[in-house]
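# Sequence first, then the predicted structure, then my questions.
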Amino acid sequence: MTKKTPLTIYRLYQLLLEQLGPLGTWPGDSKEEIIVGSFLVQNTRWENVERSLINLKQHLSGDFKSLKDVEQDTFQDLIRPSGFYRNKSKALQRFFNWLSTYQFDYDRILQEHDQDLRSQLLAQFGVGEETADVLLLYVFEQPIFVADKYAQKLFSQLTGKPFSNYTDLKRVFPSLDAFSLEEAQEFHILIDEFGKRYFTPRTDFSQSFLSDYTVSEIHLKN
DNA sequence: GGCCAGGACACCA
DNA sequence: TGGTGTCATGGC
């Protein structure tokens, strides 16, 4: 058993970027499209989400803001390829109604809620911890960490201690202080890309370019 | 043909 | 607070 090389979180980001990147940020031509994608991707492959996004883009002529005005049955048909279409249609149309009360002015939402924006997001139907953080990171542009399943698996491997749920890992990362916004945004994309490649039945972590690295307790805060 | 994917909610103790 | 069942499509 060879000695493993310790990593800081930022160095981990750099390694992921070197090996997998650059991958940029969350896909979408507008904040509204990013929001739709973040709901539709819940427990769903991105390829299925893309079909729904194409359907919606065509039906809405590219203007996702008018999504809340689409008749419910029609809307469900449009997003059917990404599954859970009853819950997701309800969640999205309600969320867009909420956004419309702010005229989709994201800066205003940020200012009005400031410290409690995360709990405001969590109070919306269909927004759990991961989706709330994705919205904070890519829509409200806060450099925060998304502790999703792939991140839990990755840091379980790197630290040797199991992170089995969102809050377990999340409380280790209150913020990503060493990261710029763009870096924080790409960090999550890179972690998910890593997960798709190296947490599969065929290829596991030990076969990855990170297998000889470790993240120790003192480095967990960046 | 069963398993699972960039989760969240309802219900229960 | 934490554990379990349910929601649904599409790829393998």
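Here it is on my side, so go on. These numbers come from a predicted model, not from an experiment.
# Stretch A:85-105 and DNA strand B, any residue contact?
Yes - residues of stretch A:85-105 are located near DNA strand B by C-beta under 7 Å from any atom of the strand, namely A:N87, A:A91. For the C-beta atoms, the positions are set from N, CA and C on the backbone; glycine is no exception.
# List of residues touching that stretch?
A:31-32, A:35-36, A:39-40, A:42, A:64-65, A:67-68, A:70, A:72, A:75-76, A:79, A:82, A:108-109, A:112, A:124-127 (C-beta atoms under 8 Å, 6 or more residues apart in numbering).
# Of those residues, which fall within the contact range of DNA strand B?
Filtered for proximity to DNA strand B (C-beta under 7 Å from any atom of the strand), the contacts of stretch A:85-105 shrink to A:Q42, A:Q124, A:F125, A:G126, A:V127.
# Which member of those is positioned nearest DNA strand C?
Comparing these against DNA strand C with C-beta to the nearest atom of the strand picks out A:Q42 as the nearest, at 8.5 Å.
# And the residue nearest the centre of chain A, which helix or strand is it part of?
The residue lying closest to the centre of chain A (C-alpha atoms, centre = their mean) is A:V134, at 4.0 Å. Applying DSSP states H and E as the criterion places A:V134 in helix A:129-138.
# Show me what from chain A comes close to DNA strand C.
A:43-45, A:47-48, A:51, A:80-87, A:165, A:167.
# Which one of the residues you listed sits in the busiest neighbourhood?
The most crowded member of these, judged by other C-beta atoms under 10 Å, is A:S82 (26 neighbours).
# shouldn't it be in contact with A:N48?
Yes - proximity of A:S82 to A:N48 meets the contact threshold set by C-beta atoms under 8 Å, at 4.6 Å.
# overlap in contacts of the two?
If you check A:S82 and A:N48 against C-beta under 8 Å, 6+ apart, the residues they both contact are A:L40.
# Wait, a helix at A:K196?
Yes - according to DSSP: H, G, I helix; E, B strand; the rest coil, A:K196 belongs to a helix.
# so what pLDDT did it get?
Note on A:K196: pLDDT of 95.
# Per-residue pLDDT of the residue in chain A that DNA strand C sits nearest to, please?
Closest approach between chain A and DNA strand C, counting by C-beta to the nearest atom of the strand: A:G83, at 2.5 Å. For A:G83, the pLDDT comes out at 98.
# again with A:L176
Note on A:L176: pLDDT of 89.
# can you tell me how far it sits from A:A91?
The gap separating A:L176 from A:A91 is 27 Å, by C-beta to C-beta, to the nearest Å.
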